[in-house]
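[1] have a look; sequence and predicted model below, questions after that.
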Amino acid sequence: MIKKIVLAVFYLGIGLLIYAYGEAILKWFQEADNISLVAFMATIMALFPVIPYPLVGGVIGAAYGPVWGGLVTWIGSTAASILMFLFVRYGYQEWGTRILNRYERIGKLTGMFERNAFLTIAFARCIPIVPSIVVNVYCALSRVSFLTYAIASALGKIPAMLLFAVVGDNLMTEPRNILLTVGIYSVFLGTMLFIHRKWKQRVARGRI
């Protein structure tokens, strides 16, 4: 119990520091020329989501362009999700699993999720409005393997992180392209939803 409390206090403390210096950090992103350090700070910002990560990705995209900005944003978000998964899996899984299994409906939902974990995680990552921290914690408390989680998260985050960077870059260069970017991303989400539904139908019929 003491270890859990210490970890929680440490996490909260870092989050408060980012909240206090968030504006200065965003300004630093616009001026920094060390891309490795920017990727490291992007990881910290994603790991402690005091400032919405889409805003962070937009600032990085405006500073580095859609390609490098998207890459840095993706690295930061992916690394943070893996660190959060490990933090919860090895610090709180036993405690969290008891809570999940306490309620029958949640237990059944978790069982369904675990059987279709890869596609479900990848699809959830493609939707920017789904809180990343919720996906991280839920997956860590479940029995999803680390490898399945890491690969699905990394692949699923690519479109969203690229979107954040492209929108940020377009705001600084060609604002008219934002609608086109959002339109293309909407088509992509629609396609992913169609694939996800087909996959669930095949699973329900016992073909997979």
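    Right, received. Where do you want to start? Remember, predicted model here, so these are calculated numbers, not experimental data.
[2] what is the burial count for the residue nearest to V144 when sequence neighbours are not counted?
    The shortest distance from V144 to any residue other than its chain neighbours is 4.5 Å, reached at A117 (C-beta to C-beta, 6 or more residues apart in numbering). Just so you know, the C-beta spots here come from the backbone N, C-alpha and C atoms, and that holds for glycine as well. Neighbour count of A117, defined by other C-beta atoms under 10 Å: 18.
[3] what about A117, distance to T110?
    10 Å (C-beta to C-beta, to the nearest Å).
[4] which neighbours do those two have in common?
    S142 (C-beta atoms under 8 Å, 6 or more residues apart in numbering).
[5] ok, for the most centrally placed residue in the chain, nearest residue in space, not its chain neighbours?
    By C-alpha atoms, centre = their mean, the chain has its centre lying nearest to S132, at 3.9 Å. Leaving aside its chain neighbours, S132 sits nearest to S81 (6.2 Å; criterion: C-beta to C-beta, 6+ apart).
[6] just give the number of residues close to A39.
    Counted with other C-beta under 10 Å, A39 comes out at 17.
[7] contacts for the host helix or strand of it?
    Element membership of A39, judged by DSSP states H and E, is helix 35-47. Contact partners of helix 35-47, identified using C-beta under 8 Å, 6+ apart, comprise 14, 18, 25, 28-29, 32, 51, 53, 56, 60, 64, 68, 72-73, 75-77, 79-81, 83-84, 132.
[8] picking up where we left off before, what residues does the residue nearest to V144 make contact with?
    139, 142, 144, 148-149, 152 are the contacts of A117 under C-beta under 8 Å, 6+ apart.
[9] quick one: which of these is most hemmed in?
    Counting by other C-beta under 10 Å, top hit in the contacts of A117: C139 with 28 neighbours.
[10] residues contacting that one?
    Contacts of C139 (C-beta under 8 Å, 6+ apart): 85, 117, 121, 149.
[11] now do the residue nearest to V144 against V88, distance only.
    16 Å.
[12] okay, now T78: neighbour count?
    21.
[13] would you agree it is in contact with K157?
    Yes. Counting by C-beta atoms under 8 Å, K157 is a contact partner of T78 at 5.6 Å.
[14] which is the next helix or strand following the strand or helix carrying V135?
    If you go by DSSP H and E, V135 is part of helix 132-141. Sequence-wise, the next helix or strand downstream of helix 132-141 (DSSP H and E) is helix 146-172.
[15] and the contacts of C139 as JSON lines, adding distance to V38 and pLDDT?
    Formatted as JSON lines, the contacts of C139 follow (distance: C-beta to C-beta, whole Å; pLDDT from 0 to 100):
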{"residue": "F85", "distance to V38": "23", "pLDDT": "93"}
{"residue": "A117", "distance to V38": "31", "pLDDT": "86"}
{"residue": "I121", "distance to V38": "26", "pLDDT": "90"}
{"residue": "Y149", "distance to V38": "25", "pLDDT": "93"}
